[in-house]
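Peer 1: Make a model of this:
(one chain, ligands or ions: 1)
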Amino acid sequence: MKIIGTGSYLPERIVTNNDIAELVDTSDEWVVQRVGIKERRICVTETTTDMAVAASQKALEAAGITSGDLDMIICSTITSDRICPTTAAMVQKTIGADCPAFDVNSACSGFLFALDTADAFIKRGGAKNILVVGSERMSKIVDWKDRSTCVIFGDGAGAAVVTEGDGYLASKLYTKGGDDVIDIPWDTTNSPFWKGEPRDTAILMKGQETFSFAVKRITEDVSYVAEQAGIALSDIAYVVPHQANLRIIGFASKRLGIPIDKFVVDIEKCGNTSSASAAIALDDLVRSGKLKRGDIIAMCAFGGGLSSAVNIIKW
Ligand code: UT7
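Peer 2: Take a look at the predicted model:
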């Protein structure tokens, strides 16, 4: 597999830390220092599908193919507009594609799980061009009264078109299942027979446990996957990490011995857009014009599940 085009979309509405300080007891200073976010984009009218479509169209344009050339669409999301049809199915209809389309959910690691799934389908044969898109409207599931989470998340989408090639060198997917660290309940029911307690849908997260998990997984798995790919860490031109906390990226840089200026960072303007995050950062890197053919990129993501994923890509 290789990536032949990327795209991203951010909603127009900018919400600053000071805007959120009007809702909860927080400050611009705390959020900038502890997380690294200055502002994030929040949907006012855009849906998860709208953002996925906008990012996908840019990725198709960059790849130089049309929706009719697609053999598959895989969308990662935890904030689909509907349980059914999937976001991927709605993207398929909107862009006018004629191919199988389905969603995957592995929370913030979802886009990397989706890329790995695309690689597997290409290796199996039968699918040549696959659109992989991560789209998240986190603002609809954030508890806007909880200052420890509502300052972190943002909305957005990122996409990549992949095709047959030799640019996907190695990967590792990891899951340590459980709801004790990150939990987003989805317990609404119409059933007159259900006896369980209803729970509101909201992000419940133990921040420090998630932080430690993230640093450990990035550090161990980037090293492991680099070894699998037969490259040294010093061969990595850019690291494209999930944008959850600037301090996580700082720790990863220090522990891996990869200079911080090799990490793509857009957290200050996007916040944490869950599974769209690494996809948006990848598109930022591609559109910056810094990438040269043959550059080695390490993508990494982590989050609910708990889950994490790392891949090594040759551009
Ligand atoms: O994408 C999914 C993966 N998610 C992550 O990777 C998130 C990883 N975790 C984090 O990024 C950080 O743990 C957080 C940003 C969530 C929290 O930062 P922290 O430095 O770990 O803060 P804390 O939870 O240890 O809280 C420290 C203090 C507490 O006050 P006291 O008890 O010391 O008085 C919190 O109540 O900071 C307080 N606090 C805040 N203060 C101002 C928590 N949130 C806020 C806030 N504004 N927004």
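Peer 1: for this structure, which spans come out with low pLDDT?
Peer 2: Counting by pLDDT under 70, the chain has no low-confidence residues at all.
Peer 1: which bits of it sit near the ligand?
Peer 2: 26, 30-31, 34-35, 108, 147-148, 151-152, 207-208, 210-211, 214, 244-245, 248, 272, 303 (Cβ under 6 Å from any ligand atom). From N, CA and C alone the C-beta is placed, and that goes for glycine too.
Peer 1: Narrow those to just the buried residues.
Peer 2: 26, 31, 35, 108, 147, 151-152, 207, 210-211, 214, 244-245, 248, 272, 303 (16 or more other Cβ atoms under 10 Å).
Peer 1: Just the ones in helices from those residues, please.
Peer 2: Members of those lying in helices (criterion: DSSP state H): 31, 147, 207, 210, 211, 214, 248.
Peer 1: Please identify the buried residues of stretch 283-291?
Peer 2: 283, 284, 285, 286.
Peer 1: scratch that, stretch 240-247 is what I was asking about
Peer 2: Buried residues in stretch 240-247 (16+ other Cβ under 10 Å): 240, 241, 242, 243, 244, 245, 246.
Peer 1: ditto for stretch 50-63
Peer 2: For stretch 50-63, a neighbour-count test (16+ other Cβ under 10 Å) marks 50-60, 62-63 as buried.
Peer 1: Same list (those residues) but as TSV, adding secondary structure.
Peer 2: TSV is the format used below for those (DSSP: H, G, I helix; E, B strand; the rest coil):
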residue	secondary structure
50	helix
51	helix
52	helix
53	helix
54	helix
55	helix
56	helix
57	helix
58	helix
59	helix
60	helix
62	helix
63	helix
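Peer 1: Out of these, the closest to residue 234 would be?
Peer 2: residue 62 (29.2 Å; Cβ to Cβ).
Peer 1: In space, what's closest to that closest one - neighbours in sequence excluded?
Peer 2: Leaving aside its chain neighbours, residue 62 sits nearest to residue 5 (3.4 Å; criterion: Cβ to Cβ, 6 or more residues apart in numbering).
Peer 1: got it, and residue 31?
Peer 2: residue 17 (4.4 Å).
Peer 1: so how far is residue 34 from the one you found?
Peer 2: 11 Å (Cβ to Cβ, to the nearest Å).
Peer 1: can you tell me which two in the buried residues of stretch 240-247 are farthest apart?
Peer 2: 240 and 245 (15.6 Å).
Peer 1: Show me where the chain has its strands.
Peer 2: 2-9, 14-16, 39-41, 72-76, 101-104, 130-137, 155-163, 168-175, 182-183, 204-205, 236-241, 296-303, 307-314 (DSSP state E).
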